[in-house]
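Colleague: Please work out how this folds:
(one chain, ligands or ions: 1)
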Amino acid sequence: MSLCPACDAPLRSGLPAWHLTCTACSYEGSSLQPHILEQATGGDLDEASRHDGLAALRQANFARLLERLASTVSRKDGAVPRLLDVGCAHGWFMEAASGRFDVVGIEPDSAVAEATRARGLSVRGGFFPDVLEGDETFDVIVFNDVLEHIPDVNATLRACHDHLVPGGWVVVNAPSRKGFLYRLSKLLARVGMAGSFERMWQLGFPSPHVHYFDTDSIERLGRRSRFELASRMSLPSVAVRGLYSRIRYSRDVPVAKAAALATAVTVARPLLAVLPPDIEVWLLRKA
Ligand SMILES: [Zn+2]
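Modeller: Have a look, this model is predicted:
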């Protein structure tokens, strides 16, 4: 029997069996196994997609997030704050952040890391925190669509504590279990239509979701590694982009179907804007 990473209570299997919910708190997880090391290098993420319209949405949201970080993260000595981007992929967030922060990225896919490095960005190939020096510290560590893929989330947050300056920040940008699309997919799964629920968890992907966080579970997880939840924000339109990516990057969805779904999602966007946000950003501060 596995235990809840947020509160240590037993987890129970949901429907389907790989879906886990805590018997005591709001945490949701999965027993899905990442296969990222078996994935062909070069990955599923296509650098060419930078030029599609939905990538522009993602860039806009990175800009929004960076506005918040610029007004939140500072250094007493007035120096440029140091930012670590864990799972930086093609370095889009690093590029956006580089005017305001001294930026370092970590990327496990060696081909992607190499390509991003070739564009002049400081990227280390490998995993967090293994590729850091033991005494290396940052002012802020960012996980953009990354923390929900990491099985041992407590070890990762402890490592963040070790590699942050006093008063440093962890930024968790992740899908929310309270989001409208996630709740809708759960409802559909209960009546026998599991497709969108499986897609939300990225079932069958090289690196599926192993957690679905909300504010309560993030707060509990943060406290375990001596962080306090200082603020949060939502990025509603990324849900559209995220859904599209989940469609687009799945090799088994035909292009025509992916395009039709993306169009439907785009049409639904104004409605999604007034519903519970599917993407939240939590800012945890080292005590
Ligand atoms: Zn729990």
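Colleague: And A70, how close does it get to P81?
Modeller: 9 Å (C-beta to C-beta, to the nearest Å). (Each C-beta comes from the backbone N, C-alpha and C, glycine too.)
Colleague: Which neighbours do those two have in common?
Modeller: R100 (C-beta atoms under 8 Å, 6 or more residues apart in numbering).
Colleague: These two: who's more crowded?
Modeller: Taking neighbours as other C-beta atoms under 10 Å, A70 and P81 compare with P81 leading, 21 against 14.
Colleague: Does the more buried one touch D102 like I think?
Modeller: Yes. Contact criterion C-beta atoms under 8 Å: P81 and D102 qualify, at 7.0 Å.
Colleague: Beta-bridge partners for V123, please?
Modeller: G105 (DSSP bridges).
Colleague: Let me see the contact set for it.
Modeller: V123 makes contact with 88, 91, 94, 104-107, 113, 116-117, according to C-beta under 8 Å, 6+ apart.
Colleague: residues making contact with stretch 125-139?
Modeller: With C-beta under 8 Å, 6+ apart, stretch 125-139 has contacts from 73, 75, 81-84, 86-87, 101, 104, 106-108, 110, 113-114, 124, 156, 159, 162-165, 168-169.
Colleague: okay, how far is it across it, tip to tip?
Modeller: Taking C-alpha to C-alpha, to the nearest Å, the first and last residues of stretch 125-139 lie 21 Å apart.
Colleague: try stretch 91-101
Modeller: Start-to-end, stretch 91-101 (C-alpha to C-alpha) is 14 Å.
Colleague: List the buried residues for that stretch?
Modeller: 91-98, 101 (16 or more other C-beta atoms under 10 Å).
Colleague: Would you map the helices across the stretch 101-250 of the chain?
Modeller: 110-118, 153-162, 180-190, 195-200, 215-224, 238-248 (DSSP state H, counting those that start in this stretch).
Colleague: Am I right that Q33 is in a helix?
Modeller: No. Going by DSSP: H, G, I helix; E, B strand; the rest coil, the assignment for Q33 is coil, not a helix.
Colleague: Name the nearest residue to it, ignoring sequence neighbours.
Modeller: P208 (7.7 Å; C-beta to C-beta, 6 or more residues apart in numbering).
Colleague: what sits against the one you found?
Modeller: 30, 32-34, 149, 201-202.
Colleague: wait, doesn't G14 sit right on L20?
Modeller: Yes. Using C-beta under 8 Å, G14 makes contact with L20 at a distance of 6.6 Å.
Colleague: pull the longest helix from this protein.
Modeller: helix 53-72 (DSSP state H).
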